[in-house]
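Visitor: Kindly generate the corresponding structure for this input.
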Amino acid sequence: MVGKRSLSKQTTPRRHRPDQEDKISIPAVDHVPRPPRPFHDSPSERSPSSRVARANRRRDELTQSLLHGIDADALERYRLSEGQLRKLSDKRLREFYTCQNARLDDWREVDAVVVALADHVLESMDPDPDGDGDQERCGALQRVRGNLAELLPDEERERRARAARKAAWAINFNVVANVILLAGKAVAAATTGSLSLVASLVDSALDLLCTLIVWSTNRLVLWRLGALRRRFPVGRRRLEPVGILVFSIVMIISFLQILRESVSRLIPPHSEAEPLGLLATATMVATIVIKGAIGIACRPVRAPKVQALVQDCKTDVVFNSLSLLFPLVGYRAGIWWLDPLGAGLLSIYIVYDWGRTSFDNVVRLSGEAADDDTLRKLTYLAWRFSPVVDGFKSIIAYHAGDGVWAEFDVLLGEDTPLGRSHDIAETLQYCAEALPYVDRAFVTTDYAAVGPTGHALDTERNH
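Guide: As a prediction, this is how the structure comes out:
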């Protein structure tokens, strides 16, 4: 409590006696310091037309300053085409230019966001510039109700829509393939007693369950219900990693049971190697071929979800190949213990893999720092605002689930008007939140390069 006092140390005030002199001298009224008089505009500056003109000048000046120097073609001369990359014999040099192309893509995306949003955001700041209580204009943010993607250039929107369509096609095709292969594996597992085949069946079934969980949480995130908005004021984007975290626990427990069964089969009495029929062999070969084909077809698509699907297909190819080889070689060579041993090794691998996935989700939900590429992209966005700010005190980016929250501490002059300070901070915030991986952005303004960091350093000890 500010101004907290100890009641035990208070003393009772003494009654004033006329024969005593007052200890407190009251200054004369003429000597009492007066607060400074507030600044008032002249009558001409207070007129509605003057206020509108002043607001328009501020908006136009900020827009021109932000857009000055943005030249998309200037950076493109540093890009190498796919054909030029293939001609490079040095692998390290090829990797360098591939990374440089990716960084140029990031910078082009930032430039497109700033060019598209700067004027729209500033236009939306003051819908009642003359102060008469009526909104004379409706800004772009009000028209799209905060959906910043609708304000992006047609080229950028088409690029994102094209990537989304490719990702949806790849994921849907993979789901259909998983359903068909799951049915085939179920029939194959019923015709043989191979534990490795059972492990492959469980893996496919739980993979399908994982896809269902991700789809369900995605739909829940996109629901536009007023009750949900009130209950989750900053959105529900963290439901997806929470769902994956819960599913990873189910996956680990399931394969621990398979590991337990494989250990029990290795303990005497020993049984003979299980034969692998033609149906089971054909199903596993079809799984390997289809998963490999999906992974190769989706590799050129750079969307993060599709790249995760490519990695999943690669893992499935290795996993199903081993699930086929262990019982097949064991039966052909007469090695009875190879099938349960293979199932145990595959179970250990799945437990490790999903344990790592679970840990990654926990770390991200706990506020892990964003990767260097993301921080560089946000730094480039901040640099785009260098014509209208004095500098940046700090730029912090951290995960709140799969998405990133960004904090900018902007340095402005001490005499910067409130309107200009507000417009700069809000424009930077909306530009940051228009980037696809940024869920939330916070911008604070400061006038001193040194001083408090803005947050308590050790919040755990303060609560």
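
Visitor: do you know how far the spatially most central residue of the chain is from residue 99?
Guide: Centrality entry for the chain: nearest residue to the mean C-alpha point is residue 403, 1.6 Å, by C-alpha atoms, centre = their mean. Separation of residue 403 from residue 99 (C-beta to C-beta, to the nearest Å) stands at 23 Å. Glycine gets a C-beta too; all of them are placed from N, C-alpha and C.

Visitor: One more: residue 405?
Guide: Separation of residue 405 from residue 99 (C-beta to C-beta): 26 Å.

Visitor: Kindly report the same for residue 436.
Guide: 20 Å.

Visitor: circling back to that earlier point, who's more crowded, residue 405 and residue 99?
Guide: residue 405 (20 against 11; other C-beta atoms under 10 Å).

Visitor: what about that one, which SS state?
Guide: Under the three-state scheme (DSSP: H, G, I helix; E, B strand; the rest coil), residue 405 adopts strand.

Visitor: And the pLDDT for it?
Guide: The model reports residue 405 with a pLDDT of 94.

Visitor: which ones are touching it?
Guide: 397-399, 438-442 (C-beta atoms under 8 Å, 6 or more residues apart in numbering).

Visitor: List the contacts of the residue nearest to the centre of the chain.
Guide: With contact set as C-beta under 8 Å, 6+ apart, residue 403 has these partners: 237, 437-440.

Visitor: picking that back up, now the two most distant members of the contacts of residue 405.
Guide: Pairwise distances across the contacts of residue 405 (C-beta to C-beta) peak at 14.8 Å, for the pair 399 and 442.

Visitor: quick one, which of those two is more surrounded?
Guide: Taking neighbours as other C-beta under 10 Å, residue 399 and residue 442 compare with residue 399 leading, 24 against 14.

Visitor: Excluding residues flanking it in the chain, which one is nearest that one?
Guide: Distance criterion C-beta to C-beta, 6 or more residues apart in numbering; nearest residue to residue 399, sequence neighbours excluded, is residue 364 at 4.1 Å.

Visitor: Show me what the helix or strand where the one you found lies is packed against.
Guide: Using DSSP states H and E, residue 364 sits in helix 338-365. For helix 338-365, the packing partners by 3 or more C-beta pairs under 8 Å, 6 or more residues apart in numbering; DSSP states H and E come out as helix 195-222, helix 239-266, helix 304-333, strand 391-399.

Visitor: hmm, back to that, which one of the contacts of residue 405 has the most neighbours?
Guide: Neighbour counts for those (other C-beta under 10 Å) peak at residue 399, which has 24 neighbours.

Visitor: pLDDT score for that residue?
Guide: 92.

Visitor: Next: residue 380.
Guide: 93.

Visitor: go on, the one 10 residues further on?
Guide: If you check residue 390, the pLDDT there is 92.

Visitor: For it, give me phi and psi.
Guide: In terms of degrees, to the nearest 10, the main-chain angles of residue 390 are phi -90, psi -20.

Visitor: so how far is residue 415 from it?
Guide: Residue 390 sits 12 Å away from residue 415, going by C-beta to C-beta.

Visitor: So between those two, which is more surrounded?
Guide: residue 390 (14 against 6).

Visitor: Next one: the residue lying closest to the more buried one once chain neighbours are set aside from residue 380, what distance?
Guide: Spatial nearest neighbour of residue 390, excluding adjacent residues (C-beta to C-beta, 6+ apart): residue 411 at 4.4 Å. According to C-beta to C-beta, residue 411 stands 18 Å off from residue 380.

Visitor: Please, where are all the helices along the stretch 101-250 of the chain?
Guide: For the stretch 101-250 of the chain, the helices defined by DSSP state H, counting those that start in this stretch cover 140-144, 154-190, 195-222, 226-231, 239-266.

Visitor: Looking at strand pairing, list the partners for the closest residue to residue 234 other than its chain neighbours.
Guide: Setting aside the residues directly before and after it, residue 234 is nearest to residue 440 in space (C-beta to C-beta, 6+ apart), at 6.5 Å. Using DSSP bridges, the beta-bridge partners of residue 440 come out as residue 405.

Visitor: So in this structure, where's the weakest helix or strand by average pLDDT?
Guide: helix 43-46 (a mean of 51; mean pLDDT, DSSP states H and E).

Visitor: Show me how this structure divides into domains.
Guide: 155-365, 372-462 (automatic domain parsing).

Visitor: Flag whichever of these has the least confidence on average.
Guide: If you rank the domains of the chain by mean pLDDT, domain 155-365 sits at the bottom with a mean of 82.

Visitor: From residue 435, how far out is the nearest residue to residue 170 once chain neighbours are set aside?
Guide: Excluding its sequence neighbours, the residue lying closest to residue 170 (C-beta to C-beta, 6+ apart) is residue 298, at 4.7 Å. The gap separating residue 298 from residue 435 is 24 Å, by C-beta to C-beta.

Visitor: Among those two, which residue is more densely surrounded?
Guide: In this view residue 298 and residue 435 are compared by other C-beta under 10 Å, and residue 298 has more residues nearby, 24 against 20.

Visitor: Enumerate every residue touching the more buried one.
Guide: Shown in contact with residue 298 (C-beta under 8 Å, 6+ apart): 170, 306, 309-310, 313.

Visitor: one more time with 7 Å, if that's ok
Guide: Neighbouring residues of residue 298 by C-beta atoms under 7 Å, 6 or more residues apart in numbering: 170, 306, 309-310.

Visitor: Over to residue 341?
Guide: Neighbour list for residue 341: residue 266 [criterion: C-beta under 7 Å, 6+ apart].

Visitor: if you set the cut-off to 8 Å instead, what comes out?
Guide: By C-beta under 8 Å, 6+ apart, the contact set of residue 341 is 262, 266, 326.

Visitor: Am I right that residue 442 sits in a helix?
Guide: No: Residue 442: not assigned to a helix; according to three-state DSSP it is strand.

Visitor: how much space is there between the residue nearest to it when sequence neighbours are not counted and residue 110?
Guide: Among residues not flanking residue 442 along the chain, residue 407 sits closest, at 4.8 Å (C-beta to C-beta, 6+ apart). When distance is defined by C-beta to C-beta, residue 407 is 17 Å away from residue 110.
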